[in-house]
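Student: Here is the input, now give the coordinates:
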Amino acid sequence: MGYRGFLGVFVLSVGALYPGSAVAAHAQAPRCTTRQLEITVHGDDGGLGHGSEQLWFRNRGRPCTLHGYPRVLLLDRHGHIVGRARKTDFGYQGGLQEGPVPVIRLGRGQVANAMVEGMNSGTKLKPCPHYVAYRVTPPGGIGSVRVPTGTFCQTQVHPVVPGEQQIYPSVHD
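Tutor: Residues are numbered from 1 along each chain as shown. Here you go, the predicted structure:
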């Protein structure tokens, strides 16, 4: 078996052992579409004036890949955009601490997530925008989904990572 054949077997084996994990580009499936993903908000974690939630991307269709940051728009109760989450690798609550942003290959039923976080309150000079929902577009996706949420100030979104919880340690650990 040549080098390429060995590499292909190795990549496929890693994908089988660690479902939903980052897989080399040689084994990539097409990019996940908004239609094939169930996008939901989970958790409500906070501490010392910070809060965070997880955006879950569950694949309901054929195998696909996610890579990068979801677009997260902040919507008021009338559906108007009042802000957008700033893309950052990590923040106070967690995120990607080191290494490149992973390419996640999702089989049917598998989940990847991205953390959304921010401050729990603003200041007199810069109050928090009031919003009740996110309009979420998966990385590289077309189309979006509206999901209910609470309000953060200085809202950030971190890259999509494998699994149902952020697997990278938070900054304050």
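
Student: Run through the strands of this protein in chain order.
Tutor: Secondary structure of the chain by DSSP state E: the strands cover 37-47, 50-59, 64-67, 71-75, 81-84, 86-87, 103-106, 111-119, 133-137, 145-148, 153-157, 161-162.

Student: Throw these into CSV and include mean pLDDT, thanks.
Tutor: Formatted as CSV, the strands of the chain follow (pLDDT from 0 to 100):
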stretch, mean pLDDT
strand 37-47, 79
strand 50-59, 89
strand 64-67, 95
strand 71-75, 95
strand 81-84, 92
strand 86-87, 92
strand 103-106, 94
strand 111-119, 90
strand 133-137, 94
strand 145-148, 92
strand 153-157, 88
strand 161-162, 90
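
Student: Of all these, which one is nearest L96?
Tutor: When the strands of the chain are compared by Cβ to Cβ, strand 161-162 sits nearest L96, at 6.7 Å. To be clear about C-beta, it is placed using only N, CA and C from the backbone, and glycine gets the same treatment.

Student: Now find how far off-centre the closest one is within its chain.
Tutor: Distance of strand 161-162 from its chain centroid, counting by Cα atoms, centre = their mean, to the nearest Å, is 7 Å.

Student: And S13, what's its pLDDT?
Tutor: Residue-level confidence at S13 comes out at 35, pLDDT.
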